[in-house]
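Asks: below is the sequence, then the predicted model.
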Protein chains: 2
Amino acid sequence: MVNIAILGYGVVGSGVGEIIYKNGQHISERVANEVNLKYILDLRDFPDSPYADRVIRDFSVIENDPDVQIVVETMGGVDFPYDCTKRALTAGKSVVTSNKELVATHGCELLKIAKEHGCSYLFEASVGGGIPILRPMTSCLAANELQEVVGILNGTTNYILTRMIRAGLSFEEALKEAQANGYAERNPAADIEGTDACRKICILSSLGFGRHIYPDQVPTEGITNITLADVAYARSGGYKIKLLGRSIRRESDGKVCAYVAPHLVADDSPLANVEDVFNAIQVTGDSIGDVMFYGRGAGKLPTASAVVADVMDIVRNKGKKVISWEEGGPDTVYSIDEVSSQWYVRVTGDFAVDGTKRLRNGDANDGECAFITNEKLTLPQVKAMTANMEVKALYRVL
Amino acid sequence: MVNIAILGYGVVGSGVGEIIYKNGQHISERVANEVNLKYILDLRDFPDSPYADRVIRDFSVIENDPDVQIVVETMGGVDFPYDCTKRALTAGKSVVTSNKELVATHGCELLKIAKEHGCSYLFEASVGGGIPILRPMTSCLAANELQEVVGILNGTTNYILTRMIRAGLSFEEALKEAQANGYAERNPAADIEGTDACRKICILSSLGFGRHIYPDQVPTEGITNITLADVAYARSGGYKIKLLGRSIRRESDGKVCAYVAPHLVADDSPLANVEDVFNAIQVTGDSIGDVMFYGRGAGKLPTASAVVADVMDIVRNKGKKVISWEEGGPDTVYSIDEVSSQWYVRVTGDFAVDGTKRLRNGDANDGECAFITNEKLTLPQVKAMTANMEVKALYRVL
């Protein structure tokens, strides 16, 4: 029998409980071992849960119980989860989490502690909810040198952009609708300002390229400035606006540039057709070319099923499932100023700019125009090109 | 050091050699062991290959060399690969293959032999080329009861259909173009008649649902009868025609129905936007909902990189990576006649049929019409509905 403890019985934590309760026999058969939920750490009580009698308040009970082999951390936040995770790993207990902020901030250190204590630290659910992405990157694509990871990593912003594109809602209207439907928090900052996507691209970069990329090394721009005018100009050129997290490995020196920003994505790209709250992550390797992983990037049961898959992996491998990456630092990354792209530019005035493709927008205000550069340019180059214009929007084309 | 032997140095086999040669150091670091290509079994010589001196003609040299731990079988066909695979596994050597026909026909038996001899039989490359699909199904989605697997499993037919839809080529013209571009064999039967997709859905079904489904249990229809009229009618209703392999698990008794047939797929479905030679596989689980895996379903390096990933997995797990499923039989499957769908029907004459949605096609011949049923019907039901019509095309709507 393998005993697990769940820290935090909120949306994802209670989803883990629900899956273990419902699919318990199936799970136990698959791993040839009985998986038992021994403790739930939470400040609340859950009298209607079949696990009502497992709820405790004191983490040290779990830490000091030698029969607990696996700790599921689904609390959110950083400080307390960080403390609990270190203590669990140090006690030789494997930890599974969906906590992207913690992994993005302290993943390298926690992986090292796990390795030193012969246990596992896994976090498939921290990126893309239930979409299998981290495990395929480390196993199925292992024969490849990875070159780029890019994706729609945040379902809330993708829902908002989809509603702007399809229903013509303004950003504010679409945000309100997302909140009404439960797709956005009352305080939506972490989503709409790109913070959530930033944490996820940190984890993808670290795993894909082998050195920790920290959130403060990732230039991050959200979607709050995108207007319906931008949406219409993009459509006229055959593009959709999507918020992408992107990480590129430079061949010459192995350095990485990761960033989060809105992009124009061509309609015939698979990423352009990822709508509503769905996420998709595209990985490019030297042998495999592009592969894409698509599904619901959030939600109780999808995310919980990814947590349970990690738990099962640990049971099967008796805690010896090791993933790791090296510590990062200033020399891990190169500047986003060196990344060339075509650019979408919206400016005040009616310019005819050489070397660009003018976009049309039937609803546009007179007195402004938008175009896409023909050439790939760096940010300093496009800034030089538009130096004497009043630039109202500037987005990369993927 | 781990020694491997490659059986058959054709497209995929030589791709495996190329990846080991090019990424050898990277691969050895990842698995903390040196991977050495010791033998190539082929009737031809490869004087320009860096491995020219490893070519042998006699499989028993490999079988009897205790230093060979892993055999890569990339020959194609069934009889000789079946014999070699049994002998290798019986000698305790793990086997990796891209041979879908062999796995679909004898997978259950070969997995059993591998288990008995403490070694592995892996075949990620047999479905979806380089797309990670089998490993995510068994690990990442392990907490789910799977309900359905459906996908575009054959790149050749998807290319032909894409050219019919986008360029208005007839089936025959598109096939010729695919052959000229190297996407279709001179004898294209296995692709266009659905045989290749049939083998792949057998493997996906067996792995996903736990009992072997054999090719002769899978009703299989290819794309040779699809006309430009069907393409145009489908477009007018907001659909694309795609050849799908599909496998559905029935909740009530756990039986499975797998089949291959052209379907009308709604334009806003992710599968509709999978074009050219790309493949995509959508898996539905009880917790995760739908996830989709997308990429190049064939090609030398993508497929070879999946083979090498299996080799690395075996090295990491010292041959103890076990997947398995139960033997199948007549009671494993239920009849396709029990699967309900909406239907696309094209008939001679100009009928107004109650309970259907009429499709329009500006180029259509007078004297025929097409419609989609409003209700989901079984095949016997739709046949009863159209009993007094001359049916020219009948496809399910996904």
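Replies: On my side now, so go ahead. Numbers count the residues shown, from 1 in each chain, chains lettered A, B, ... in the order given.
Asks: all strands for the stretch 51-200 of chain A, in order.
Replies: A:55-56, A:68-73, A:94-97, A:121-122, A:146-152 (DSSP state E, counting those that start in this stretch).
Asks: contact residues of the stretch 251-398 of chain A facing chain B?
Replies: A:268, A:270, A:273-275, A:285-296, A:299, A:301-302, A:304-306, A:308-309, A:311-313 (C-beta under 8 Å from any C-beta of the partner chain). For glycine as for every other residue, the C-beta is placed from the backbone atoms N, C-alpha and C.
Asks: among the residues you listed, which ones are in strands?
Replies: A:285, A:289, A:290, A:291, A:292, A:293, A:294, A:295, A:296 (DSSP state E).
Asks: any idea which of those is closest to residue A:20?
Replies: Nearest to residue A:20 among these: residue A:296, at 20.1 Å, using C-beta to C-beta.
Asks: check what pLDDT residue A:350 gets.
Replies: pLDDT, residue A:350: 76.
Asks: okay, now it: neighbour count?
Replies: A count of neighbours around residue A:350, defined by other C-beta atoms under 10 Å in any protein chain shown, yields 10.
Asks: secondary structure element for the closest residue to it other than its chain neighbours?
Replies: Spatially, and ignoring its direct neighbours in sequence, residue A:350 is nearest to residue A:369 (5.3 Å; C-beta to C-beta, 6 or more residues apart in numbering or on different chains). Assigned by DSSP states H and E, residue A:369 belongs to strand A:368-373.
Asks: just say helix, strand or coil for residue A:38.
Replies: Assigned by DSSP: H, G, I helix; E, B strand; the rest coil, the conformation of residue A:38 is strand.
Asks: quick one: residues contacting the closest residue to it other than its chain neighbours.
Replies: Closest residue to residue A:38 apart from its sequence neighbours, by C-beta to C-beta, 6+ apart: residue A:3 at 4.1 Å. Shown in contact with residue A:3 (C-beta atoms under 8 Å, 6 or more residues apart in numbering or on different chains): A:36, A:37, A:38, A:65, A:67, A:68, A:69, A:70.
Asks: what residues are bridge-paired with residue A:3?
Replies: Residues in a beta bridge with residue A:3, per DSSP bridges, are residue A:36, residue A:68.
Asks: and if you look at the one 4 residues further on?
Replies: Beta-bridge partners of residue A:7, counted by DSSP bridges, are residue A:41, residue A:73.
Asks: number of residues surrounding the closest residue to residue A:374 other than its chain neighbours?
Replies: Computed as C-beta to C-beta, 6+ apart, the closest residue to residue A:374 that is not its neighbour in sequence is residue A:355, at 5.1 Å. By the criterion of other C-beta under 10 Å, residue A:355 has 10 neighbours.
Asks: hang on, the earlier thing: among the residues of the stretch 251-398 of chain A next to chain B, the buried ones, what's the ChimeraX command?
Replies: To isolate the buried subset of those in ChimeraX, counting by 16 or more other C-beta atoms under 10 Å in any protein chain shown, use the following:
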select /A:270,273,274,275,285,286,287,288,289,290,291,292,293,294,295,296,299,301,302,304,305,306,308,309,311,312,313
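Asks: now the helices for the stretch 201-350 of chain A?
Replies: A:228-236, A:300-316 (DSSP state H, counting those that start in this stretch).
Asks: what packs against the last one?
Replies: Using 3 or more C-beta pairs under 8 Å, 6 or more residues apart in numbering or on different chains; DSSP states H and E as the contact test, the elements touching helix A:300-316 are helix A:11-22, helix A:24-31, strand A:35-41, strand A:68-73, strand A:94-97, strand A:121-122.
Asks: same thing but 6 Å
Replies: Judged by 3 or more C-beta pairs under 6 Å, 6 or more residues apart in numbering or on different chains; DSSP states H and E, the packing partners of helix A:300-316 are helix A:11-22, helix A:24-31, strand A:94-97.
Asks: so which of those comes closest to residue B:122?
Replies: Evaluated over those, closeness to residue B:122 peaks at helix A:24-31, with 17.7 Å, by C-beta to C-beta.
Asks: pull out the buried residues from the closest one.
Replies: Buried-residue list, helix A:24-31, by 16+ other C-beta under 10 Å: A:27, A:28, A:30, A:31.
Asks: okay, and for the stretch 251-398 of chain A, where does confidence drop off?
Replies: A:362-366 (pLDDT under 70).
Asks: repeat that for the stretch 1-150 of chain A.
Replies: Ranges of the stretch 1-150 of chain A meeting pLDDT under 70: none found.
Asks: repeat the analysis, applying 90 as the threshold.
Replies: Scanning the stretch 1-150 of chain A for pLDDT under 90 picks out the ranges A:26, A:29-30, A:76, A:129-130, A:138-145.
Asks: need the helices and strands packed on helix A:300-316 in CSV with distance to residue A:165, can you?
Replies: Output for those, formatted as CSV (distance: least, C-beta to C-beta, whole Å):
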stretch, distance to residue A:165
helix A:11-22, 28
helix A:24-31, 40
strand A:94-97, 34
